[in-house]
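> Quick one, fold the following:
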Amino acid sequence: MQRKAYVPGTAALLAALLAGCTSGSGGDGSTDNANPGDAGTTAAAAQPGKYRTLPEPCGAVTHDTLDTLLPGIRQLADPDQRDKAYQGDAELTYDTDRKVGCRWKVDSDDATDRLSIDFERVVSYDNSVSDDDQAKKLFADKEAAADLPAPSGSPTGSPSASSSSGSPSGSPSGSPSGSPSGSPSGSPSGSPSGSPSSSSSADLQPRVLTDLGDDAYLDDQLAASGSTAEQRTVTVVFRTSNVLVTIEYEEQPTATGTVPDSKEMQDRARNLAAKLDDALGG
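So this is what the prediction gives:
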């Protein structure tokens, strides 16, 4: 009896076809569902801030402005000492694109004057919060810490303080007096002007400044030193986009019983702040 020939290749071909069908259907399913829901579901990242770098701080203040804020510079007879005084001292920083500052200190016949400026570029590390919004929050924290007095005539529900009004020369920033809506917050003068009596004490109180940067405020403190001479510190803080700028201007008279002029110092500090804001392009 003749037997049928057995063809081994036929069985191998059938096995390969069956295996191909099985692996193909499984492979397609796993590929299609590898990242379900990825397309179109990623939230748009918050916008970056306007500024990517910061100015060189010690070069940000002109010689003419330093002559006004630090009168002792003009009394320095030695040209080398005068040049060094103009240069200032840069703050130590490890990232000049994020935070920089400069300090000046000059003695004159009448007083010791100090000036400091600081620039901080704020960067948000939260994709849902823009650099500007993060800078707004940091500015608001600084303003809250300054504890500015409530402006006079503020509507019901606005922050108010409990103590009576007074001159900034005799009260801390937390002891409020109103600042009228007509206060010269937006039009700083570059020249010294008279005594504090030329403006009402309310005009010179710590207050919000409305025409500087995107947000701004001014603080004015008078603190007794070890002697009877009193040191006044005027601070201006403002925000332009994602950059915060802080100016501190101090004067310590040499003669006992002498009080630094509040209006003069505020005018000088605000004038410098306006120039820095212009330089930033705010």
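> Next, the buried residues of whichever strand or helix holds Ala216.
Assigned by DSSP states H and E, Ala216 belongs to strand 215-224. Under the neighbour-count criterion of 16 or more other C-beta atoms under 10 Å, strand 215-224 has Asp215, Ala216, Tyr217, Leu218, Asp219, Asp220, Gln221, Leu222 buried. In this view, the C-beta of every residue, glycine as well, is placed from N, C-alpha and C.
> With stretch 67-74 instead?
When burial is assessed from 16+ other C-beta under 10 Å, stretch 67-74 yields the following buried residues: Thr68, Leu69, Leu70, Pro71, Gly72, Ile73.
> Select, from the residues you listed, the two members most distant in space.
For the buried residues of stretch 67-74, the farthest-apart pair by C-beta to C-beta is Thr68 and Gly72; their separation is 11.7 Å.
> Now the strand holding Ala216: average pLDDT?
Strand 215-224 carries an average pLDDT of 92.
> Run through who's touching stretch 47-58.
87-91, 96-102, 117-119, 121-123, 130-132, 135, 240-243, 279-280 (C-beta atoms under 8 Å, 6 or more residues apart in numbering).
> Can you report how many residues lie near the nearest residue to Ser128 once chain neighbours are set aside?
Excluding the flanking residues, the one nearest Ser128 by C-beta to C-beta, 6 or more residues apart in numbering is Ala46, at 6.0 Å. By other C-beta atoms under 10 Å, the residues close to Ala46 number 16.
> dump the residue contacts of Ala46.
By C-beta under 8 Å, 6+ apart, the contact set of Ala46 is Ser124, Asp126, Asn127, Ser128, Val129, Ser130, Asp131, Asp133.
> Report the buried members of the residues you listed.
The neighbour-count test (16+ other C-beta under 10 Å) applied to those identifies Ser124, Ser130, Asp131, Asp133 as buried.
> among those, which are in helices?
In this view, these that belong to helices under DSSP state H are Asp131, Asp133.
> want to try TSV for the buried ones among the contacts of Ala46, with pLDDT and distance to Glu248 as columns?
Shown next, in TSV, are the buried ones among the contacts of Ala46 (pLDDT from 0 to 100; distance: C-beta to C-beta, whole Å):
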residue	pLDDT	distance to Glu248
Ser124	92	26
Ser130	93	28
Asp131	92	25
Asp133	94	26
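> my guess is Thr240 meets Ala274, correct?
No: Thr240 is beyond contact range of Ala274, at 11.5 Å (criterion: C-beta atoms under 8 Å).
> related to what we said a few turns ago, dump the buried residues of stretch 67-74 into a markdown table; add distance to Asp261 and secondary structure as well.
Listed next are the buried residues of stretch 67-74 as a markdown table, based on distance: C-beta to C-beta, whole Å; DSSP: H, G, I helix; E, B strand; the rest coil:
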| residue | distance to Asp261 | secondary structure |
| --- | --- | --- |
| Thr68 | 13 | helix |
| Leu69 | 13 | helix |
| Leu70 | 15 | coil |
| Pro71 | 12 | helix |
| Gly72 | 16 | helix |
| Ile73 | 19 | helix |
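> Closest one of those to Gln205?
Of all those, Leu69 has the smallest distance to Gln205: 21.6 Å, by C-beta to C-beta.
> Run a quick check on the closest one versus Leu272, I expect a contact.
Yes: using C-beta under 8 Å, Leu69 is in contact with Leu272, at 6.8 Å.
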